[in-house]
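>>> Here is my input, please return the structure:
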Amino acid sequence: MKKMFSTAWIVAAVIILASCSDSDNKNTTQAEAKPQVKIAQATSALIPQTETYTATVESDVKNNIAPNAPLRIERIYVDVGDYVRKGQVVVQLDASNLRQLKLQIENQKVEFNRTSALYEVGGASKAEYDNMKMQLDVLQTQYHQLVQNTQLVAPISGVVTARNYDNGDMYGGQPVLTIEQTNPVKLIVNISETNYSLMHKGMPVDISLDAYPDEAFTGTVTIVYPTIDATTHTFPVEITINNAAQKVRPGMFARATVNFGDQQHVLVPDVAVVKQIGAGDRYVYVYKDGKVSYNKVELGSQIDNKIEILSGVKDGDQVVVAGQTKLANGREVEVIK
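Numbering: from 1, shown residues only. You can find the predicted model right below:
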């Protein structure tokens with residue numbers, strides 16, 4: 001009976017030991033299992049180097065209309081939003097002084113003609129004739145100056161964007177009207193100094209406007225400013241937009257896309273790029289000889305379902321496109337189709 005009891009204990013111990021051994025082997029196998037990943041090859045291509053800048057549309061020329069003297073405003077012929085042409089009378093100021101001066105001129109002409117007739121027959125001296133002519137010339141000059149100051153004309157063709165008085169108001173220092181030229185219009189954008197040598201007058205620029213989301217516009221670089229801001233390391237560029245249809249208006253929000261030319265860069269599938277938790281850095285796992293390396297990358301443009309890589313991945317590298325969640329730098333992996 002004792003022998004049978006001892007034998008049972010030995011069998012039980014063997015079973016327990018075998019069970020523990022199987023469990024340990026299973027744990028070891030699980031610990032050593034390689035993460036499965038899918039990979040794709042990085043390729044090189046000529047990629048347009050574009051940058052997009054935001055700006056507000058500005059008028060090309062802006063004029064404030066105001067008289068030279070504080071006169072009463074008799075009538076304003078235009079309102080905000082009206083289109084005016086160069087030379088068009090837009091404001092009539094008090095003309096009572098003008099009427100008085102005109103009457104003085106008529107009287108002076110009578111006196112001058114009488115003196116001129118006497119001078120021709122010897123009834124008046126040369127000094128008297130010259131004096132009467134000078135007085136008439138002075139009055140006529142004053143009249144023309146007063147006409148210019150009582151009838152205000154548009155110095156440019158454009159749109160009235162501000163009206164600060166009503167009919168009958170006394171002019172008080174603020175411009176009566178503001179007129180802005182709306183063909184062409186312009187944008188001012190600030191571009192990184194690294195692109196200074198690539199900018200030149202005449203470059204085409206693609207323009208998009210929030211006001212017309214389904215339309216594309218084209219601008220042209222007209223001024224590349226010669227100095228660079230030492231604080232921001234940018235320089236201003238003026239872009240002119242032809243606006244014959246008068247659709248683009250000052251104040252609209254615009255985006256200007258500048259193409260700096262093509263460069264040979266690497267492209268990888270966008271799913272290959274992972275973001276480091278807690279930081280803004282981007283990384284790509286590169287596969288080689290059964291292991292992966294965690295490469296920090298600098299991104300360029302998104303092109304369909306691929307991303308331009310400026311640094312961190314080389315042409316021909318194998319990059320991980322699935323299974324990144326279980327990876328770490330230097331980890332052995334299993335590649336699956």
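>>> and residue 141, what pLDDT?
Residue-level confidence at residue 141 comes out at 85, pLDDT.
>>> What is the end-to-end distance of stretch 199-217?
From its first residue to its last, stretch 199-217 covers 20 Å (Cα to Cα, to the nearest Å).
>>> Kindly apply the preceding question to stretch 153-167 instead.
The separation between the terminal residues of stretch 153-167, taken as Cα to Cα, is 16 Å.
>>> Break the protein into its domains for me.
Domain assignment for the chain by automatic domain parsing gives 36-46+264-335, 52-60+180-262, 94-150.
>>> between these, which one is nearest to residue 168?
Closest of the domains of the chain to residue 168 is domain 94-150, at 9.9 Å (criterion: Cβ to Cβ). Heads up, the C-betas are built off the backbone N, CA and C, glycines and all.
>>> and that closest one, how far out from the chain's middle?
Shown here is domain 94-150, whose average C-alpha point lies 58 Å from the average C-alpha point of the whole chain (Cα atoms, centre = their mean, to the nearest Å).
>>> Show me what counts as buried in stretch 271-288.
Within stretch 271-288, the residues that count as buried by 16 or more other Cβ atoms under 10 Å are 271, 272, 273, 274, 282, 283, 284, 285, 286, 287.
>>> so which of these comes closest to residue 60?
When these are compared for distance to residue 60 (Cβ to Cβ), residue 282 comes out closest, at 41.5 Å.
>>> Residue 317 and residue 292 touch, don't they?
No: between residue 317 and residue 292 no contact is recorded; they are 11.1 Å apart, counting by Cβ atoms under 8 Å.
>>> Looking at these two, which has the bigger crowd around it?
residue 292 (25 against 22; other Cβ atoms under 10 Å).
>>> isn't that one right up against residue 285?
Yes: checked against Cβ under 8 Å, the pair residue 292 and residue 285 is within contact range at 4.4 Å.
>>> Assumed residue 109 was part of a helix.
Yes: residue assignment for residue 109, taken from DSSP: H, G, I helix; E, B strand; the rest coil, places it within a helix.
>>> Could you find the closest non-adjacent residue to it?
By the measure of Cβ to Cβ, 6 or more residues apart in numbering, the closest residue to residue 109 outside its immediate chain neighbours is residue 136, 6.4 Å from it.
>>> So what touches the one helix or strand residue 49 maps to?
Under DSSP states H and E, the secondary-structure element containing residue 49 is strand 43-56. Contacts of strand 43-56 from elsewhere in the structure, counted by Cβ atoms under 8 Å, 6 or more residues apart in numbering, are 187-192, 195, 239, 250-267, 300-301, 303, 308, 315.
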